[in-house]
Structure formats: structure tokens, C-alpha cells
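>>> what's the 3D shape of this:
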Amino acid sequence: MRMATVVVNGQAADLPPGWEEETLLAFLRFHLRLAGVRFGCGAGLCGACTVLLDGRAARACTLPAQAAAGRQVTTAEGFAAAGGAPAAVLRAWEELAVPQCGYCQSGQMAQAAASLARRPRLPPEALEAAMAGVLCRCGTA
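You can find the predicted model right below:
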């Protein structure tokens, strides 16, 4: 039986037998030990688990790990190396000292990077609307 492979932050990672039924969030956090992928609501509503899947925002808590087979996943840990919008968003987050508690930040960065990659000159109100799907748990944003 051939294992499915996911490219995570530029590195190939095999989905071990049995992981096909798990979520992408579980695969990233518990198999690959990527702590930047957060568990929030478990229903895809809060956005804390948002990662980039082939450059688009995806909720890792509701996506089966198998759905990422043969695709590129970028987590907060890989933003700097990814270049483009993810690296620019990471730099802006650091320069502006955005994080408060930090729990939602990786999801917010992924959502911002996906939005800006599609439309680099996104008007502030459109970016605010795009970001509304990633909730801040500590209430600071």
C-alpha cells in the first residue's frame, strides 16, 4: 500500500496508515508537531486552525488529512520560507508587534496572506471583511 504525501512548509510528509481518517489539523499538530496550527472550535467557525492549502486559506480542523495529499500546506512555521504574501504578512506582524495572547495569530496571518495573495491592493474594508472569519479569543481584535 502506497502512502499519500503532503508537502508541508516545503518538505514532503507521508500520511501514515490510519491518518487518512484524521483531520489535517491533527496530522499537522500531533504527527508533525507543528504547534502553530491551533485548535479552536473544531467546527471550522473560529479560524484559529487556518493554514494555506495551495496558497488558499483552509480550515485544518474540518479538512480530512487525506484531502491534502499531493498538495502544498503552509503553516505559520513556514511563512518566512514561503516568500510572497506569507513572508510579507509575517514581517508586518513582527514589525507592528500585532500579537496579544497569540492564540489566533497563525490563523489570522494565514487568512491575511491568502487574501493579499489574491488581491495585493485590497481596500481596508475588504481586508477587514476577509479577516472577520478568524476570531480573536482574547477579545483584543
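>>> For the chain, which residue occupies the most central location?
Closest to where the C-alpha atoms of the chain average out (C-alpha atoms, centre = their mean) is Val51, at 1.5 Å.
>>> Please name the strands paired to the helix or strand hosting it in the sheet, noting orientation.
Per DSSP states H and E, Val51 falls inside strand 50-53. Here strand 50-53 has these sheet partners by DSSP bridges: strand 56-59 (antiparallel), strand 72-74 (antiparallel).
>>> hang on, the earlier thing: roughly how far does the residue nearest to the centre of the chain sit from Arg71?
From Val51 across to Arg71, the span is 11 Å (C-beta to C-beta, to the nearest Å). Bear in mind the C-beta positions are built from the backbone N, C-alpha and C, glycine included.
>>> on that earlier part again, can you give me the pLDDT of the residue nearest to the centre of the chain?
What the model reports as pLDDT for Val51 is 97.
>>> could you check the distance from it over to His31?
Val51 is 14 Å from His31, by C-beta to C-beta.
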